[in-house]
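Undergrad: Using only what follows, build the 3D model:
(one chain, ligands or ions: 1)
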Amino acid sequence: MTATATTFAPLRLHAPSRRDAVVVELPVVLAPMAGVTNAAYRQLCREQGAGLYVCEMITSRGLVVGDPKSRDMVRFDDGETTRSVQLYGVDAPIMAEAARILARDFAVDHIDLNFGCPVPKVTRKGGGGVLPYKRDRLRAIVRETVAAADEFGVPVTVKTRIGIDDAHITFLDAGRIAEEEGAAAITLHGRTVAQAYSGEADWARIAELKQAVGIPVLGNGDIWEAEDALTMMEETGCDGVVIGRGCLGRPWLFGDLAAAFRGEGQRIRPTLGEVGRMIIRHAELLAEHQGERHGLTDLRKHMAWYFKGYPVGELRRSFAMVSSLDELRDLVSQLDADAQFPVAELGTPRGRQGSPRGKVVLPHGWYDDTSGCDLDLSDAEVGVSGG
Ligand SMILES: Cc1cc2nc3c(=O)[nH]c(=O)nc-3n(C[C@H](O)[C@H](O)[C@H](O)COP(=O)(O)O)c2cc1C
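TA: Residues are numbered from 1 along each chain as shown. Okay, the predicted model is just below:
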C-alpha cells in the first residue's frame, strides 16, 4: 500500500491569556467516548501512536457537588503529559466552576465541552446536541467556561453536531459563538442529533465550518481507517481529525494514523495472537486503574470489537464473561494465534450505528426562541452517562 504525506500542522490550542497552551504535534484526537476513553484505554491508544487523548465525559454538576464517582473518573496515568477532559453541562456558572476544579484540583491542561450528545434522556431536557439551538445560552456557557479555565491558562474547545435535524441547523452559529467567546477550536461531528449514529457523516459540513471560522476546526465522523483521516483533511481543509468508533477494539489505529500522516504506507494488520496480547495489555491497564474485578468487567464490552471478523468461535462467549487476568490469559492461549487479520473488515463501520431518531425529543416549546438563558435545564444533568 502506498500513501503520500498529508500537509498538516501541529494543532495549537490557545487560551485567551496563553498562546500555545497545548500543542499537539500530530493533529489526531481520540474522541471522548463515555464508558470507553478512561485512563487505561487512553494509555493503550497512546502507546500505539501520537495525538491528544480525551478523557470520557464528566458532568459539571457532579464535579461541583463533589460527587465521588465524577471525581474518580478524572484519572490520569503518570505518562499522560497532556491532561484532556470533556465536560458536559447546561449552566454557565456550574460549567465555569467545574472548569476551575478540573484545572486547579486535577491539573487538567485542556477542556472540551460536549454539545453533541443525542441521547433522548438528555435532549428531552434540553442538554447535549440540542442545546446549541439556544444561542444565547450556548454563548454564556462558552464565555464563562473559557474565562474560568483561562484563570489557569487552560484552553477550552467545543464539540458539536450539524444541528438538531435538517430543518434546525446550528453548527455555523455554534462555530461563530465558539470563536467569538474565546474557544480554542471546534470539533464537528458531521451528523445531526436526529441521525444519532446512523447513515453517513456529512464531511461537506466540516468544510463549510472551516470556511466560516478562524479557529481550528477538527473533523469528526466515520474515520474507519488511517486513509479516511487523510481524505477528510484534504476534502474539508480541517485542521485535525477526531476518531471515535474506528478505534474501538483497534487501538493500533493510532499507529496507522501516525504512519499515514508521515506518508508511510505500512499498516498494522494484527494476527489474532497479536490481538490477544493487546487485550491482555488492555486488561492489565484496567486492573491497575480500577482493580482486577472491575477492570475485567469493564473489558468485556470491548471483546466484540476486538474480535470483529476474526475466527474466535465458541470462545467468544467465555471472553465476554471473563473475570480475572489469569482466566483471560488462559482464554487468549486457546485462540488460533496465527489467524490473519480480517481484511474484509477494512473500512467498515464498527461500534454503535442504529437507526435515525424519527423525531428528536425536546422540551416543550424548544423552537419558540433561540435564547434559553432563563430556562431551568438542571434535569438535563441527571443520570447522564454520555453519548
Ligand atoms: C460509545 C460511545 C460513547 C460516546 N460518548 C461521547 C461523549 O461522552 N461525548 C461526546 O462528545 N461524544 C461521545 N460519543 C461520540 C463520539 O465522540 C464521536 O463524536 C462519534 O462517535 C462520531 O465519530 P466516529 O464516527 O469517529 O465514531 C460517543 C460515541 C460512542 C460510540
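Undergrad: what's the burial count for the closest residue to the ligand within the stretch 51-200 of the chain?
TA: The ligand sits closest to residue 57 of the stretch 51-200 of the chain, with a gap of 3.4 Å, by CB to the nearest ligand atom. Glycine gets a C-beta too; all of them are placed from N, C-alpha and C. Using other CB atoms under 10 Å, residue 57 has 26 neighbouring residues.
Undergrad: element containing it?
TA: Assigned by DSSP states H and E, residue 57 belongs to strand 52-59.
Undergrad: From the contact counts, what lies against the next helix or strand after that strand?
TA: Sequence-wise, the next helix or strand downstream of strand 52-59 (DSSP H and E) is helix 60-64. Helices and strands touching helix 60-64, by 3 or more CB pairs under 8 Å, 6 or more residues apart in numbering; DSSP states H and E, are helix 68-73, strand 84-88, helix 92-105.
Undergrad: so the longest one versus strand 52-59, what angle?
TA: To tie it back to what came earlier, the one meant is helix 92-105. Interaxial angle, helix 92-105 versus strand 52-59 (axes from the mean of the first three to the mean of the last three CA atoms, to 10 degrees): 130 degrees.
Undergrad: quick one, helix 92-105 and strand 84-88 angle?
TA: Using the same axes, to 10 degrees: helix 92-105 against strand 84-88 is 160 degrees.
Undergrad: Which residues does helix 92-105 contact?
TA: 58, 60-61, 63-64, 74, 85, 87, 89, 108, 111, 113, 137, 140-141, 143-145, 147-149, 151-152, 154, 156 (CB atoms under 8 Å, 6 or more residues apart in numbering).
Undergrad: From the chain's centroid, how far away is the helix of greatest length in the chain?
TA: In the chain, assigned by DSSP state H, the helix with the most residues is helix 272-290. Mean-position distance between helix 272-290 and its chain equals 21 Å (CA atoms, centre = their mean, to the nearest Å).
Undergrad: ok, now stretch 307-314?
TA: With CA atoms, centre = their mean, you get 27 Å for stretch 307-314.
Undergrad: So for that stretch, what gets flagged as buried?
TA: Going by neighbour count (16 or more other CB atoms under 10 Å), the buried part of stretch 307-314 is 307-308, 310, 312.
Undergrad: Please tell me how far the spatially most distant residue from the centre of the chain sits from the ligand.
TA: What lies farthest from the middle of the chain is residue 334; by CA atoms, centre = their mean that is 33.5 Å. Distance of residue 334 to the ligand, given as CB to the nearest ligand atom, to the nearest Å: 28 Å.
Undergrad: okay but that residue is in contact with residue 316, surely?
TA: No: using CB atoms under 8 Å, residue 334 is not in contact with residue 316; the gap is 11.5 Å.
Undergrad: can you pull out the strands in this structure?
TA: For the chain, the strands defined by DSSP state E occupy 11-15, 18-24, 28-30, 52-59, 84-88, 110-115, 156-161, 163-165, 168-169, 185-189, 217-220, 240-243.
Undergrad: Not counting sequence-adjacent ones, nearest residue to the residue in the stretch 101-250 of the chain that the ligand sits nearest to?
TA: In the stretch 101-250 of the chain, the residue that lies nearest the ligand is residue 244 (2.8 Å; CB to the nearest ligand atom). Distance criterion CB to CB, 6 or more residues apart in numbering; nearest residue to residue 244, sequence neighbours excluded, is residue 31 at 3.6 Å.
Undergrad: How about the backbone phi and psi for the one you found?
TA: Phi and psi for residue 31, reported as degrees, to the nearest 10, are phi -60, psi 140.
Undergrad: what sits against it?
TA: Going by CB under 8 Å, 6+ apart, residue 31 touches 37, 54, 220, 242-244.
Undergrad: Quick one: those residues as CSV, columns for neighbour count, pLDDT and distance to residue 367 too.
TA: Output for those, formatted as CSV (neighbours: other CB atoms under 10 Å; pLDDT from 0 to 100; distance: CB to CB, whole Å):
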residue, neighbour count, pLDDT, distance to residue 367
37, 23, 97, 33
54, 25, 97, 31
220, 27, 98, 26
242, 26, 98, 29
243, 26, 98, 33
244, 22, 98, 29
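Undergrad: For these, work out which two are farthest apart.
TA: Maximum pairwise distance among those (CB to CB): 13.7 Å, between 37 and 220.
Undergrad: Burial check on residue 274, number of neighbours?
TA: Residues near residue 274, counting by other CB under 10 Å: 14.
Undergrad: Quick check: the gap between it and the ligand.
TA: Taking CB to the nearest ligand atom, one finds residue 274 at 23 Å from the ligand.
Undergrad: And the pLDDT for that residue?
TA: Note on residue 274: pLDDT of 98.
Undergrad: returning to what we had before: these two touch, right, the residue of the stretch 101-250 of the chain closest to the ligand and residue 220?
TA: Yes: the criterion here is CB under 8 Å, and residue 244 meets it with residue 220 at 7.0 Å.
Undergrad: Return, as residue ranges, the portions of the stretch 51-200 of the chain with sub-threshold pLDDT.
TA: In the predicted model of the stretch 51-200 of the chain, no residue satisfies pLDDT under 70.
Undergrad: Where does pLDDT dip in the stretch 251-387 of the chain?
TA: Applying pLDDT under 70 to the stretch 251-387 of the chain picks out residues 385-387.
Undergrad: Do you have the helices of it handy? List them.
TA: Per DSSP state H, counting those that start in this stretch, the stretch 251-387 of the chain carries helices over the ranges 253-261, 272-290, 292-300, 303-307, 315-319, 325-333.
Undergrad: Now that we have the ones you listed, can you turn them into CSV and tack on distance to residue 125?
TA: CSV is the format used below for the helices of the stretch 251-387 of the chain (distance: least, CB to CB, whole Å):
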stretch, distance to residue 125
helix 253-261, 34
helix 272-290, 30
helix 292-300, 28
helix 303-307, 30
helix 315-319, 37
helix 325-333, 39
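Undergrad: just the ones you listed: most buried one?
TA: Highest mean neighbour count among these (mean count of other CB atoms under 10 Å): helix 253-261, with a mean of 23.
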